[in-house]
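>>> please work out how this folds:
(2 chains)
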2 protein chains.
Amino acid sequence: MQRILNNPDDVVDEMLQGFLKAHPDIVEATEDGRVVRAKQIPEGKVGVITGGGSGHKPAFIGYVGKNLCDAAAVGEICSSPTAKAFLNAARTADQGRGVACLYGNYSGDNMNVKMAVRMARKEGIEIKTVIANDDVASAPKDQRDKRRGVAGEILMWKAGGAKAAQGASLEEVIEAAQKAIDNTRSVGIGLTPCTLPAVGHPNFEIEDGTMEVGIGHHGEPGIEVVPLETAAQMAKRMVNIVLPDYPFVSGDEVAVLVSGLGATPVMELYVLYNEIEKLLSQEGIKIHRAYVGNYFTSLNMGGATLTVMKLDGELKELIDMPAYSMGFKQR
Amino acid sequence: MQRILNNPDDVVDEMLQGFLKAHPDIVEATEDGRVVRAKQIPEGKVGVITGGGSGHKPAFIGYVGKNLCDAAAVGEICSSPTAKAFLNAARTADQGRGVACLYGNYSGDNMNVKMAVRMARKEGIEIKTVIANDDVASAPKDQRDKRRGVAGEILMWKAGGAKAAQGASLEEVIEAAQKAIDNTRSVGIGLTPCTLPAVGHPNFEIEDGTMEVGIGHHGEPGIEVVPLETAAQMAKRMVNIVLPDYPFVSGDEVAVLVSGLGATPVMELYVLYNEIEKLLSQEGIKIHRAYVGNYFTSLNMGGATLTVMKLDGELKELIDMPAYSMGFKQR
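The predicted model follows:
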């Protein structure tokens, strides 16, 4: 396996050390080695935290920063942070006005956040959660609570983080973040598998000449494996999965996020976005803001995700607010 | 080949269309379909332009923006923009105070920039150039004029763009950019080859279990092929090539840029940076600012580059200035 690593068991600790040293203007260490905290958090605001497994950079610690998350709990590669890390993230972000924990719908995270919430409340920290479930392909529409959270989480953090920065109450932050994720749908297409550092070979297969539609960020099976398509065909396929689910319709204003999965050149993401933009325009959907790049990855997986978020006046204001973290900088 | 493309011959045009549509707040199209221009260029400043082949995103168009480059000429995949595109970039960036063309040392670019400079001067545009040659491995130290420009170009654009934004004269911008690149050294290590879209298979080989030290951004041969090392060993190897060449010594303040080559997970870049930081600290070298991410890539090549720039008071001020482009955002 061709990679830059020392002992694979140390990858999370070493990555974290490198991250903290590279961005001392944005983040700082906490006593809990698995919790990263934003620098210079404005006083008196509601805390916004998240957390998740490692290997998805910039997610999750790359979204800790100004007007975004105040702290993130860090898990091992592709596995949930501990309940204690989520608790410590809540502790470090709490300023007496409560903490919004905005995270993705995975069984490990659900279990650990639940425990952390119970412990935090015992300590007198008011804490509420929003669980991202934007991945259309992971469960039918009438079972949205079973759907995974994927790149739509970024727009949830953006909205929740901005709301908190505006001085909103915990209720209001939770409402905004919940609306953000309720208005968001995503789908991913996998082209090549990823390799867990400690394993050293791909943990699932995507045959050359095929692509897996609806794949999850950890290689969770998609809805179908089909022959590899052109960018235009892929875009059409993704748009046809995402649009009807919400549904997004003519006249809607949206934010669009196209993220690479780690090993796909950014050039190709722009080719894909070009096709997506054409299709949305044809549908009469107006793109208010677009994000294209490696925003939520899966180690060295090839492929891309499409995320579309319906905007109303409030969400537009929240999405437009300046922000500054390692993975998300907007003036 | 597992990729997101339509007709490979259209990849540059389609990528450009997607890029322009995704970032209407940062860049705009020009009459020349192969020149991208910054939005809202402050009046009366010296123009700063660059250009290069495609497939290196964010380079080159990702560095067009506020306090960076005003325009970039876009070439086909891994080949120089035309002289006409460089000329048109100069035309669009010229405000009567002259244009600084800051580009990398490749024969095609040299030839086309030379022609463009001649044509621009005929039109009365005052234009001067700085040629980046930061890649230590590409020629001996006494033949620096033969060395390639690699990720150090980013710090040259940063310094030159900031100087122009300060209202400096063309002479001063050229001097600052020249000092920036003279103070900068880079080296790359390749882990996996890249694939030209129109070719469809890797155009060179890196055997599994080996790595190519000193590789160029287009797969130009390095100085040696050695067995794959740990991140710590790789960092040591890179630092041992870069530091003595300038030489960087104890007490120096530097900017450090660790860029992925396209397919290496960002997590691994932080592991590498962690080791590089330790080694520089041991040498008594102070890192004033660090950049870690996919800043200058080679399609889907695996591996990373290390760039170190010696800072003086002026360069520190220029590097620290806020900037905003697709590929480089700093508050």
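
>>> now the helices: where do they sit in chain A?
Taking DSSP state H, the helices of chain A run over residues A:11-22, A:83-93, A:107-122, A:152-165, A:170-182, A:231-245, A:266-282, A:313-320.

>>> just the residues contacting the second one, thanks.
What that stands for is helix A:83-93. Helix A:83-93 has contacts (Cβ atoms under 8 Å, 6 or more residues apart in numbering or on different chains) with A:30-32, A:34-35, A:37, A:41, A:47-51, A:70-75, A:81, A:99, A:101, A:111-117, A:119-120, A:123, A:125, A:127. (Each C-beta comes from the backbone N, C-alpha and C, glycine too.)

>>> and the third one, by the same measure?
The contact list for helix A:107-122 (Cβ under 8 Å, 6+ apart) reads A:51-53, A:75, A:79-87, A:90-91, A:94, A:99, A:101, A:103, A:127, A:129, A:131.

>>> and with 6 Å instead?
Applying Cβ atoms under 6 Å, 6 or more residues apart in numbering or on different chains, the external contacts of helix A:107-122 come out as A:79, A:80, A:83, A:86, A:87, A:90, A:101, A:103, A:127.

>>> any idea how many residues pack against the spatially closest residue to residue A:179 that is not a sequence neighbour?
Nearest non-adjacent residue to residue A:179, counting by Cβ to Cβ, 6 or more residues apart in numbering or on different chains: residue A:315, 6.7 Å away. Applying other Cβ atoms under 10 Å in any protein chain shown, we find 25 residues neighbouring residue A:315.

>>> pLDDT at the residue lying closest to residue A:305 once chain neighbours are set aside, what is it?
Leaving out its chain neighbours, the residue that sits closest to residue A:305 by Cβ to Cβ, 6+ apart is residue A:188, at 4.1 Å. pLDDT, residue A:188: 98.

>>> OK, contacts around the residue of the stretch 1-150 of chain A found nearest chain B?
Minimum separation of the stretch 1-150 of chain A from chain B (Cβ to the nearest Cβ) falls at residue A:18, amounting to 3.3 Å. Residue A:18 makes contacts with B:270, B:271, B:273, B:274, as judged by Cβ under 6 Å, 6+ apart.

>>> give me that answer again for 10 Å
The contact partners of residue A:18, taken as Cβ atoms under 10 Å, 6 or more residues apart in numbering or on different chains, are B:231, B:258, B:267-278, B:290, B:292.

>>> among these, which ones lie close to chain A?
Applying Cβ under 10 Å from any Cβ of the partner chain to the contacts of residue A:18, one finds that B:231, B:258, B:267-278, B:290, B:292 fall near chain A.

>>> so residue A:60 touches residue A:51, yeah?
Yes: between residue A:60 and residue A:51 there is a contact under Cβ atoms under 10 Å: 5.9 Å.

>>> out of the two, which sits in the more crowded spot?
A side-by-side neighbour count of residue A:60 and residue A:51, using other Cβ under 10 Å, places residue A:51 first with 32 against 29.

>>> number of nearby residues for the nearest residue to residue A:329 once chain neighbours are set aside?
Nearest non-adjacent residue to residue A:329, counting by Cβ to Cβ, 6+ apart: residue B:329, 3.7 Å away. Neighbourhood size, residue B:329 [other Cβ under 10 Å]: 17.

>>> look up which residues are beta-bridged to the closest residue to residue A:174 other than its chain neighbours.
Using Cβ to Cβ, 6+ apart and skipping residues adjacent in sequence, the residue nearest residue A:174 is residue A:128, 4.8 Å away. Under the criterion DSSP bridges, residue A:128 forms beta bridges with residue A:100.

>>> tell me how chain A divides into domains.
For chain A, whose domains are defined here by the TED database, the residue ranges read A:18-181, A:182-318.

>>> nearest to residue B:215, of those?
Of all these, domain A:182-318 sits nearest to residue B:215, with 16.9 Å by Cβ to Cβ.

>>> what's the end-to-end length of that closest one?
Terminal residues of domain A:182-318 lie 15 Å apart, using Cα to Cα, to the nearest Å.

>>> same deal with stretch A:256-266?
End-to-end distance of stretch A:256-266 (Cα to Cα): 16 Å.

>>> briefly note if it comes near chain B.
Yes: counting by Cβ under 10 Å from any Cβ, chain B has neighbours in stretch A:256-266: A:256, A:258, A:260, A:262, A:263, A:264, A:265, A:266.

>>> what's around residue A:262, how many residues?
By other Cβ under 10 Å, the residues close to residue A:262 number 26.

>>> that one reaches residue B:264, doesn't it?
Yes: contact criterion Cβ under 10 Å: residue A:262 and residue B:264 qualify, at 8.8 Å.

>>> now residue A:296: closest residue in space, sequence neighbours ignored.
Nearest residue to residue A:296 in three dimensions, chain neighbours excluded: residue A:151, at 4.1 Å (Cβ to Cβ, 6+ apart).

>>> so what pLDDT did residue A:264 get?
pLDDT, residue A:264: 96.

>>> now do the buried residues in stretch A:162-173.
Under the neighbour-count criterion of 16 or more other Cβ atoms under 10 Å in any protein chain shown, stretch A:162-173 has A:162, A:163, A:164, A:165, A:166, A:168, A:170, A:172, A:173 buried.

>>> ok, so of these, who is nearest chain B?
Distances from chain B to these, taken as Cβ to the nearest Cβ, are shortest for residue A:165 (14.9 Å).

>>> can you pull the contacts of the nearest residue to the closest one once chain neighbours are set aside?
Distances taken as Cβ to Cβ, 6+ apart place residue A:67 nearest to residue A:165, at 4.4 Å, with adjacent residues excluded. Contacts for residue A:67 (Cβ under 10 Å, 6+ apart) come out as A:38, A:42, A:48, A:157-158, A:161-166, A:318, A:321-325, A:328, A:330.

>>> now residue A:67: how far from residue A:52?
20 Å (Cβ to Cβ, to the nearest Å).

>>> same thing with residue A:328?
Using Cβ to Cβ, we find residue A:328 at a distance of 15 Å from residue A:52.

>>> kindly report the same for residue A:221.
To residue A:52, residue A:221 is 20 Å away according to Cβ to Cβ.

>>> who's more crowded, the two?
More crowded of residue A:221 and residue A:52, by other Cβ under 10 Å: residue A:52, with 27 against 14.

>>> how far away is that one from residue A:94?
The gap separating residue A:52 from residue A:94 is 20 Å, by Cβ to Cβ.

>>> do residue A:214 as well
Computed with Cβ to Cβ, the distance linking residue A:214 and residue A:94 is 37 Å.

>>> with residue A:260 instead?
35 Å.

>>> ok, these two, which is more surrounded?
residue A:260 (25 against 21).

>>> report the beta-bridge partners for that one.
In beta-bridge terms (that is, DSSP bridges), residue A:260 pairs with residue A:304.

>>> can you check residue A:49 too?
Bridge pairing for residue A:49 - DSSP bridges - gives residue A:71, residue A:101.

>>> you'd agree it is up against residue A:98?
No: taking Cβ under 10 Å as the definition, residue A:49 is not a contact partner of residue A:98, at 11.1 Å.

>>> mutual contacts of the two, please.
Residues touching both residue A:49 and residue A:98 by Cβ under 10 Å, 6+ apart: A:90, A:127.
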